[in-house]
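>>> compute the structure for the input listed below.
(chains A, B, C and D, ligands or ions: 4)
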Amino acid sequence: MARNSTQAVAPPAAELERWLTGYERMLLLRGFEEAMQTQFMRGEVHGTVHLYIGQEAVSSGVSLALRPEDWVAATYRGHGAALARGVDPAGLAAELMGRVTGTCGGRAGSMNVIDLAHGLIGCFGIIGGSAAAATGAGLSAKRTGAVAVAFFGDGSTNHGYFHECLNFAKVHDLPVLFVCENNLYGEFTPMAQVTAGADITARASAYDIPSERVDGNDLRAVHAAAAAAVERIRTDGGPAFIEAMTYRQVGHSKSDPGAYRPEGELERWLERDPLKIAREQLAADGVSSEQIEAIDARVAAQMEEAIEQALAAPYPDPVAQPATEYAA
Amino acid sequence: MARNSTQAVAPPAAELERWLTGYERMLLLRGFEEAMQTQFMRGEVHGTVHLYIGQEAVSSGVSLALRPEDWVAATYRGHGAALARGVDPAGLAAELMGRVTGTCGGRAGSMNVIDLAHGLIGCFGIIGGSAAAATGAGLSAKRTGAVAVAFFGDGSTNHGYFHECLNFAKVHDLPVLFVCENNLYGEFTPMAQVTAGADITARASAYDIPSERVDGNDLRAVHAAAAAAVERIRTDGGPAFIEAMTYRQVGHSKSDPGAYRPEGELERWLERDPLKIAREQLAADGVSSEQIEAIDARVAAQMEEAIEQALAAPYPDPVAQPATEYAA
Amino acid sequence: MSTLDFRTAIRDALAEELERDERVIFYGEDVAVAGGVFKATPGLFERFGADRVFDTPISELALAGSAFGAAVTGLRPVIEIMFGDFLMLPMDALVNQAAKYWYISNEQASVPLVVRSAVGGGGRFGAIHSQDPTSWFLGVPGIKIVAPSTPGDAKALLKASIRDNNPVLFLEHKRLYSTKGETLEQELLPLGKANVVREGTDVTIVAVMKGVHDALAAADLLAGDGISAEVIDLRTLRPLDLDTVVRSIEKTNRLLAIEEGPVLGGWASNLVGLASAEALEHLDDAFALTGGDTPIPYSPTLEDPFFASAERIAETVRTRIGVAAGAS
Amino acid sequence: MSTLDFRTAIRDALAEELERDERVIFYGEDVAVAGGVFKATPGLFERFGADRVFDTPISELALAGSAFGAAVTGLRPVIEIMFGDFLMLPMDALVNQAAKYWYISNEQASVPLVVRSAVGGGGRFGAIHSQDPTSWFLGVPGIKIVAPSTPGDAKALLKASIRDNNPVLFLEHKRLYSTKGETLEQELLPLGKANVVREGTDVTIVAVMKGVHDALAAADLLAGDGISAEVIDLRTLRPLDLDTVVRSIEKTNRLLAIEEGPVLGGWASNLVGLASAEALEHLDDAFALTGGDTPIPYSPTLEDPFFASAERIAETVRTRIGVAAGAS
Ligand SMILES: Cc1ncc(C[n+]2csc(CCOP(=O)(O)OP(=O)(O)O)c2C)c(N)n1
Ligand SMILES: Cc1ncc(C[n+]2csc(CCOP(=O)(O)OP(=O)(O)O)c2C)c(N)n1
Ligand SMILES: [Mg+2]
Ligand SMILES: [Mg+2]
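Ligands and ions are numbered 1, 2, ... in the order given. A predicted model of the protein is given here:
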């Protein structure tokens, strides 16, 4: 798909700035996941880990449309949403490594990262948890003029949490943007096999929630949809829904047979890698390959430093830092 | 609405037989609920009770389309579905009175009646429970060629049970007929206020489940829709959905402020009382008022006897009939 | 000191906290316009408006999930889950999300959230509207469970629960709604502190909610026999005020814990276990007198003996606990 | 006798029961085509076909609700709820519907239904993928909870669970999946019977699942000190085989119950309570050694001390239980 081969007119500076920022962020997300994959193999990241590789354009594009006071809730596949929101990569890496400098002091781990200072209500290990958290944040946001965003997968749309929260957000007119990252699979099961109707936006429409399906591998398309949805939410109130079509280029988690992919599917999606698309778009905007390489180098250096920092941090000491069951 | 004033040609004998049976059944349902209202006032029926008055055409019409081997799951407002299915009125009355001759020996009470011998999987006190039970019965029914029916209210369509079960039934191609009795309220709250989109059939359609909205106070309309749906289920497999528009002429339960009804609404619906409509239809078919009165008298006598029987029955004795926690 | 009924205590506590702190909101099914099915919350909607007191869809999971999301983003939600029996539906949001947040976020944010719920048997509501949900939640770190026995306690404990920074399950026994009692001097009662409601020397009877009244009635009966029973109202079931119980046992050497829940898995057996572990050397006997080992029956002749009455408590002290007149 | 690993035990038990009784069906999320995320069920789909072994949407409530409906209409469903942490989502269907049916239906139908679930900590899966769900279900009349410790037991207990006519929660500890053990002589083991896995005279240590191995290791350590520990594997947590524990206590006079769950609300404190009530006169000490009072931490340095190790068990026997060498 040679979608970006046409020569567009160079965009205004502010817009180009945004795409450069978006590209850099996507690179950071990709670099982080690749580093975590390595650290998992080395035994520095424990348990299991769900990588976001291939889906970077979704949370990056959405986050570009948000303000600092907005809230985001994500899933166990949430490193991308966290970093896109500005969570410190060194802290996030340290969290995955179980270090005391981790975003949650090593208590949470990959599936449950929380960073309220960056508007990240949390990554939710339970399917549907992000929809609920964002719906509730919508109650708060309604007072402050903020917007709450929920990221979740296609598989989550078959869950009771999804249904109840969309209905709840709509009838209570809550400023919530629901973003379904449709990567075609829930774990190892194809979306269409377990999702009646196989049309996720139709579900949102049945609740009379404005909804749009968008190319989730195209940063600019995602941003456009998110910006429009957020604008509508801020102006008219009530929720909106985006279904971002994307693809997980790696296994579901660290123990994935992978046998479920039809032949050639992965290859086709690699052709449409979101970083590749973004690079082509920047080139079409007249950004030189030197400029792009400079960004690539900067992010690589940043990532290296973050990992180094994380690896140097100590493990938490339960005696020195005793936990309390209750908040005072 | 003078919907039945036109003089129709008399229907074939078998069909007329069905409408007479349907009318008699509706009368029985009405008479039963009125008797329970009286017995509740007298302190013979305990706790609380949710009456079906005004909705009789729905379960009567659906049941006429079923076979003995089919399954039915209903709600805490389930006396109608039970009686329409053939559950013995004396046993049901005794159950509500907590007598040992009750359908469940007095253990269950009004909200939880079960009578498997009549295909009644149960009345479910939890919103959505009927949808789940019927979905599961669909797994069994798929093997035997039977159909499983779930009755539930408009309010239930906002519940996680509803969403998960409809999706589950569709993707697993289960022979389940979902019947939503939309009586415009969930307890004291208007349907449209808590149901995003306010279009319940649109929800079913989003799961690609064939769905139809029908006049739930018209026995014949309900039967026609149910017969068509059941036929389609038996032929093509997979679930179907009916939304029957109806009205609860009495309070939600025995403690209902009733203040939520807009002026004149109840009166308009009383005009469209399902028994009245059925009587007009029979008259239009040429059934004489003597014939109708004979049915009325027969049902009244049957009901009187049932109540007498129930009132005469002893209460269960926990010492003489000890319970077992587990099935052997 | 003025008197107060239980319903008013609940309503006043809510009204005062809604008045005092605008972050407090209150929502649930039929709690606003209709004032609640138990008529505990009339007038709040009119006084505080639809933004702060509102009716929701029948969506327990969204109710609790949104309350969690609202609590961690700055509000202090109070929700009603109509019957305690329904608490398994929102339990994931309460246990996997709300109760864990303080700890796994590394204490970034507390979760000030109250769930009110009507619980308990004796009302002829059958197996699915009569349960005490305590056993499902007792083992959940991070949650508090409050279970008041009098209107005065209920008001001061509900106010304290709303000001508490942790998820609190606030249980209201249905059979107490119509009871009257005195207003307390204190505006607040501390969570996690038991109350010795009657001093005695021969046996310690521990209870909550309606059980406290049964225990006091039993103590009266026992006093007639010359047996002196100390009665402790735990007020809070988690965290547990084991100290007060142990101090009492040191005096009486005998412990009877009574509850409506089950013998295996209930809080009473737990208390016996913890007290034995703590103070075995002081114990001559310890026993849990609990509800039966089946679901709760509907029929009066089955339901009444299912729960421990004052007579059975007294009888258990006399026979099982083996306290004879003038024992100490 | 041949050896068997735990995964194979699970798969073989399922295969044999699927083969033996065509009413048995098995379904869950990713259990069929992919063979389960813990790789416990490969090959069943291929062998028994999509009508009997199938993958479902991510809908735990519909899974359990449908299993209930299927069980009361003639099938014998086995479902997998992937992680025990997710068991609150389907809990209503299990507790309010399945567990109550036998009793409230007046014993019209049993509910032969098994829920398999992977539980327990130590895998670095964090707070929401490491819990033992026992405390949530322990107090539910009508439910059985089975918790095997070895492959041989697992196979015979799972087969017995599938043949049992009640809802059974079958817990598989994640840390046991890769363990090996001997096949049993018996095809089936009775539910509700404990197993004395090591005889001893000084102290009784009671455990389930992985805890049994820790207790045995502790017993080895204690033997080195001349302390003789009896180790009981409960095998089933509900119904509880209190007799076997009491008989042991009569000999050892000391009880230590160990579990991963909480001290307040866990089965271990319950057991101490029930044993104290039953056999106080035989007890010199009784104690529950449990998991910590916070959510389960992710970081290795926090998670490891959260659970009782063999060393801590031995240390607790030496110090807290106060068993000195040659005590008896
Ligand atoms: C309630 C619940 N059920 C099951 C799981 C196990 N699980 C984790 S990820 C996953 C698949 C989710 O698919 P999808 O929503 O499409 O998100 P994706 O992983 O593809 O990003 C499942 C079933 C869970 N975490 N929570
Ligand atoms: C899970 C659950 N939540 C709440 C209730 C309390 N409740 C009983 S009936 C009812 C209203 C149901 O409305 P609808 O589904 O429209 O049925 P209707 O009563 O109108 O027939 C509610 C909220 C319940 N029984 N179960
Ligand atoms: Mg997916
Ligand atoms: Mg209704």
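>>> use CA for all of it now, contacts and neighbours both
Fine.
>>> how about the strands of chain A, start to end?
Taking DSSP state E, the strands of chain A run over residues A:71-75, A:120-124, A:148-153, A:176-182, A:185-186, A:189-190, A:211-215, A:240-245.
>>> so which of these is nearest residue B:50?
Among the strands of chain A, the nearest to residue B:50 by CA to CA is strand A:176-182 (36.7 Å).
>>> the closest one packs against which elements?
helix A:129-144, strand A:148-153, helix A:219-236, strand A:240-245 (3 or more CA pairs under 8 Å, 6 or more residues apart in numbering or on different chains; DSSP states H and E).
>>> out of these, which is closest to residue B:328?
helix A:129-144 (39.4 Å).
>>> is any residue of the closest one near ligand 1?
No: Helix A:129-144 stays out of contact with ligand 1 when judged by CA under 6 Å from any ligand atom, the minimum separation being 8.1 Å.
>>> ok, residues contacting that helix?
With CA atoms under 8 Å, 6 or more residues apart in numbering or on different chains as the contact definition, helix A:129-144 has outside contacts at A:70-75, A:121-124, A:147-152, A:161-162, A:165-166, A:168-169, A:174-176, A:178, C:62, C:65-75, C:93, C:97.
>>> just the CA trace of that helix, in CSV.
Below are the C-alpha coordinates for helix A:129-144, written out as CSV (Å, rounded to 0.1, in the frame of the first residue of the first chain):
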residue,chain,number,x,y,z
GLY,A,129,-11.1,-2.4,34.1
SER,A,130,-9.8,0.5,32.1
ALA,A,131,-13.3,1.3,30.8
ALA,A,132,-14.6,1.4,34.3
ALA,A,133,-11.8,3.5,35.6
ALA,A,134,-12.2,6.0,32.8
THR,A,135,-16.0,6.1,33.3
GLY,A,136,-15.5,7.0,36.9
ALA,A,137,-12.8,9.5,36.0
GLY,A,138,-15.4,11.0,33.7
LEU,A,139,-17.5,11.8,36.8
SER,A,140,-14.6,13.8,38.1
ALA,A,141,-13.7,15.2,34.7
LYS,A,142,-17.2,16.5,34.2
ARG,A,143,-16.5,19.0,37.0
THR,A,144,-13.2,20.1,35.8
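>>> re the thing from before, JSON lines for the helices and strands packed on strand A:176-182, including mean pLDDT?
Shown next, in JSON lines, are the helices and strands packed on strand A:176-182 (pLDDT from 0 to 100):
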{"stretch": "helix A:129-144", "mean pLDDT": "98"}
{"stretch": "strand A:148-153", "mean pLDDT": "98"}
{"stretch": "helix A:219-236", "mean pLDDT": "98"}
{"stretch": "strand A:240-245", "mean pLDDT": "98"}
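>>> export the strands of chain A to a markdown table and tack on mean neighbour count?
Converted to a markdown table, the strands of chain A look like this (neighbours: other CA atoms under 10 Å in any protein chain shown):
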| stretch | mean neighbour count |
| --- | --- |
| strand A:71-75 | 30 |
| strand A:120-124 | 28 |
| strand A:148-153 | 28 |
| strand A:176-182 | 28 |
| strand A:185-186 | 20 |
| strand A:189-190 | 20 |
| strand A:211-215 | 19 |
| strand A:240-245 | 26 |
